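Student: Curious how this folds, go ahead:
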Amino acid sequence: MLEIEFEDRVGDLPIEASLRAAAGEVVALTGPSGSGKTTILRAIAGLRRPLSGTVRCGDAIWFDSAAGTWLPTEERRVGMVFQDYALFPRMDAAANVAFALADLPRQARPAAVEDALERVGLADRSRHRPSALSGGERQRLALARAIARRPSVLLLDEPLASLDRATAESALDLIEETVASLDLPCLLVTHDLVAIERAARVVAVERGVAREDAPRPT
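Tutor: Sure thing, here's the model as predicted:
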């Protein structure tokens with residue numbers, strides 16, 4: 001279970017986030033551009049430190065302002081897929097996945113890379129660079145890198161935005177299968193109406209305020 005309750009500020013925008021995601025559950029974060037959705041993901045991942053509050057994942061406390069607890073990103077079991085995928089263009093698919101495994105013993109990395117690529121259907125593309133992959137394959141590669149280190153939570157920032165409809169629905173199928181098979185809580189930032197409809201729950205983010213169990217868009 002991922003549980004967050006924190007306050008922050010980005011420029012003139014106050015952030016108030018209070019939500020949860022259970023293991024195996026995809027929770028959609030939706031709202032206008034600039035409303036604070038990505039900031040919430042970055043705070044969970046440890047890429048920014050909120051002003052106050054808590055971030056908990058299972059039994060682990062990643063942030064607690066009252067107790068002075070703050071775990072840096074590398075100490076959090078977080079898998080994150082950015083909107084632009086953030087792949088390394090000069091590395092092949094296998095090397096892109098291996099980059100996320102610095103905390104594993106070197107001898108264990110090849111098997112972890114192979115398993116992650118197999119899960120997303122890219123085992124036969126392991127020696128291809130991102131430029132040789134389709135948009136859907138690049139999305140799957142970014143997901144493989146995110147899950148390779150066996151995270152405790154999966155954070156996805158608009159992973160469907162640059163995909164055509166058929167590819168986006170295939171990618172959504174893969175995301176749901178991965179979250180279920182690895183039993184992960186997942187936060188999915190999206191404007192995609194199909195993804196919103198299929199999410200277990202929807203949290204609307206408006207002017208920096210994340211409201212739990214908001215009505216689904218119609």
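Student: And the residue nearest to residue 108 when sequence neighbours are not counted, how far from residue 145?
Tutor: In this structure, residue 108 finds its nearest non-sequential neighbour in residue 101, 7.9 Å apart by Cβ to Cβ, 6 or more residues apart in numbering. (Each C-beta comes from the backbone N, C-alpha and C, glycine too.) For residue 101, the distance to residue 145 equals 9 Å [Cβ to Cβ, to the nearest Å].
Student: Who has more neighbours out of the two?
Tutor: The residue with more neighbours, out of residue 101 and residue 145, is residue 145; 27 against 19, by other Cβ atoms under 10 Å.
Student: Isn't that one up against residue 99?
Tutor: Yes. Residue 145 is within contact range of residue 99, at 7.1 Å (criterion: Cβ atoms under 8 Å).
Student: Check which helices and strands the longest helix that the chain contains sits against.
Tutor: Ranked by residue count, the top helix of the chain under DSSP state H comes out as helix 165-182. For helix 165-182, the packing partners by 3 or more Cβ pairs under 8 Å, 6 or more residues apart in numbering; DSSP states H and E come out as strand 26-30, helix 135-148, strand 153-157, strand 186-189, helix 193-198.
Student: List the buried residues for stretch 62-76?
Tutor: By 16 or more other Cβ atoms under 10 Å, the buried positions in stretch 62-76 come out as 62-65, 71, 76.
Student: Just the C-alphas of the longest helix of the chain, formatted as CSV.
Tutor: What follows is helix 165-182, C-alpha atoms only, in CSV (Å, rounded to 0.1, in the frame of the first residue of the first chain):
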residue,chain,number,x,y,z
ARG,A,165,-5.0,4.6,-30.1
ALA,A,166,-4.3,1.0,-30.8
THR,A,167,-0.8,1.1,-29.4
ALA,A,168,-2.0,3.0,-26.3
GLU,A,169,-4.6,0.4,-25.5
SER,A,170,-2.0,-2.4,-26.0
ALA,A,171,0.4,-0.5,-23.6
LEU,A,172,-2.4,-0.1,-21.1
ASP,A,173,-3.1,-3.8,-21.2
LEU,A,174,0.6,-4.4,-20.5
ILE,A,175,0.6,-1.9,-17.6
GLU,A,176,-2.4,-3.5,-16.0
GLU,A,177,-0.9,-7.0,-16.4
THR,A,178,2.4,-5.9,-15.0
VAL,A,179,0.9,-4.2,-12.0
ALA,A,180,-1.2,-7.3,-11.3
SER,A,181,1.5,-9.9,-11.8
LEU,A,182,4.0,-8.0,-9.6
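Student: what pLDDT, on average, does that helix get?
Tutor: Mean per-residue pLDDT for helix 165-182: 92.
Student: residues in contact with that helix?
Tutor: Residues outside helix 165-182 that contact it (Cβ atoms under 8 Å, 6 or more residues apart in numbering): 24-26, 119-121, 134-136, 139-140, 143, 147, 150, 154, 156, 159-160, 163, 184, 186, 188, 192, 194-195, 198.
Student: same question, stretch 62-80
Tutor: Contacts for stretch 62-80 (Cβ under 8 Å, 6+ apart): 6, 41, 43-47, 49-57, 60-61, 103, 146-147, 149-157, 184.
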